[in-house]
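Chemist: Here is the input, now give the coordinates:
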Amino acid sequence: MKTLVLVEHDNSEVADATLATVTAASKLGDVDLLVAGADCKGVADAAAKIVGVGTVYCADDAAYKDMLAENVAPLVVKLMDGHDAFVAPATTTGKNIAPRVAALLDVMQVSDILSVEGDKTFTRPIYAGNAIATVESTDDKLVLTVRGTAFDKAEPEGGSGTVESVDAAEAAGTSEFVNRELAKSDRPELTSASVVVSGGRALKDAETFEEFITPLADKLGAAIGASRAAVDAGYVPNDYQVGQTGKIVAPEAYFAIGISGAIQHLAGMKDSKVIVAINKDEDAPIFQVADIGLVADLFKAVPELTEKL
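Modeler: Down below sits the predicted model:
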């Protein structure tokens, strides 16, 4: 089986999510990559060095500068004549492009896979991760999105892939890129950080969140996350949100401060290697998944923990 993996990038660097997707795709067979962008030859060259990659198809055209799904999907479909599966990371970009590819190919998409059990058999989470379904596709072509935290990252150096230029498909003209507002931070990126400190609604307001969570994160060199309740209350921006409708993380250590542990939040962090929970409610659901649980007032416990680190 030959797979085509969508490379997520910013026209200068390959995103980490691509590496885990390559690992997943390699379990199906030979792996080719698609780099669609503008002035993206450097990205294609870097992608060719990923271990396990065969051909890197480079579509360098202004129409792909911002990877609009309406423009990228027809390009993918054109390349699918020589491939059996299209695999994309389950990120904002991947989840935007993959359904359109599936529709154009007239196949069912298998979303957010956790493992590859056979040529056309996969596991994926359902019910906010409370159950794992095993699904088998009967379509001739596969369209998959991959949960990056479920697979090891492929080695970014040491491969010997070749770069092949491909002609751009005609721009759809049905959408246009307006602008992108990115949060700037000196902290590690939330989805790739080895330590994450998250706060919940119990922190009362934005000033209190900053006062108690930030010093602890500074001491640990951690990324900062939050529950949906904290984001909805305006404590932090929505790009901090961890959970089913936020970001999926699996760091070495996850600190849940004042987070009760609703299933929507657990779906985004329960694969963390070590989960540390601080909550004054001993019956909070977060303690059911925590490796280390402290029933305490966070306003006393967190400053003491920060001081002792």
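Chemist: Tell me how many other residues crowd residue 133.
Modeler: 12 (other Cβ atoms under 10 Å). C-beta: built from backbone N, CA, C; applies to glycine.
Chemist: Ok, the one 10 residues further on next?
Modeler: Residue 143 sits with 26 neighbouring residues when counted by other Cβ under 10 Å.
Chemist: May I have the phi/psi pair for it?
Modeler: phi -130, psi 120 (degrees, to the nearest 10).
Chemist: Contact partners for it?
Modeler: 85-86, 98, 101-102, 105, 107-110 (Cβ atoms under 8 Å, 6 or more residues apart in numbering).
Chemist: could you redo the last one with a cut-off of 10 Å?
Modeler: The contact partners of residue 143, by Cβ atoms under 10 Å, 6 or more residues apart in numbering, come to 76, 80, 85-88, 97-105, 107-111, 137.
Chemist: Please confirm that residue 134 is located within a strand.
Modeler: Yes: counting by DSSP: H, G, I helix; E, B strand; the rest coil, residue 134 falls inside a strand.
Chemist: Surely residue 184 forms part of a strand?
Modeler: No: checked against three-state DSSP, residue 184 lies outside a strand; its state is coil.
Chemist: For the remainder of this discussion, apply numbering that starts at 669.
Modeler: Understood, numbering begins at 669; the last thing we discussed is residue 852.
Chemist: Quick check: the gap between it and residue 877.
Modeler: Residue 852 is 19 Å from residue 877, where distance means Cβ to Cβ, to the nearest Å.
Chemist: out of those two, which sits in the busier spot?
Modeler: With neighbours defined as other Cβ under 10 Å, residue 852 and residue 877 compare such that residue 877 has more, 25 against 4.
Chemist: Just the CA trace of whichever strand or helix holds the more buried one, in CSV.
Modeler: Residue 877 is located in helix 874-888, with elements delineated by DSSP states H and E. Written as CSV, here are the backbone C-alpha positions of helix 874-888 (Å, rounded to 0.1, in the frame of the first residue of the first chain):
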residue,chain,number,x,y,z
ALA,A,874,-7.5,36.2,34.9
GLU,A,875,-5.4,38.0,37.5
THR,A,876,-5.5,35.0,39.9
PHE,A,877,-4.8,32.6,37.1
GLU,A,878,-1.7,34.6,36.2
GLU,A,879,-0.7,34.9,39.9
PHE,A,880,-0.8,31.2,40.7
ILE,A,881,-0.2,29.3,37.4
THR,A,882,2.5,31.4,35.7
PRO,A,883,5.1,31.1,38.5
LEU,A,884,4.7,27.4,38.7
ALA,A,885,5.0,27.0,34.9
ASP,A,886,8.1,29.3,35.0
LYS,A,887,9.8,27.0,37.6
LEU,A,888,9.0,23.9,35.5
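Chemist: Same question for it: list its buried residues.
Modeler: Going by neighbour count (16 or more other Cβ atoms under 10 Å), the buried part of helix 874-888 is 876-877, 880-881, 883-885, 888.
Chemist: Walk me through the domains of this protein.
Modeler: Per the TED database, the domain ranges recorded for the chain read 670-833, 863-976.
Chemist: how about CSV for those domains, with distance to residue 843 and mean pLDDT added?
Modeler: Below are these laid out as CSV (distance: least, Cβ to Cβ, whole Å; pLDDT from 0 to 100):
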stretch, distance to residue 843, mean pLDDT
domain 670-833, 5, 94
domain 863-976, 22, 95
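Chemist: Could I get those in a markdown table, plus columns for distance to residue 844?
Modeler: Shown next, in a markdown table, are the domains of the chain (distance: least, Cβ to Cβ, whole Å):
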| stretch | distance to residue 844 |
| --- | --- |
| domain 670-833 | 8 |
| domain 863-976 | 23 |
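Chemist: Select, out of those, the one closest to residue 842.
Modeler: domain 670-833 (5.1 Å; Cβ to Cβ).
Chemist: and the closest one, how far apart are its ends?
Modeler: 18 Å (Cα to Cα, to the nearest Å).
Chemist: ok, now stretch 847-856?
Modeler: Stretch 847-856 end-to-end distance (Cα to Cα) = 24 Å.
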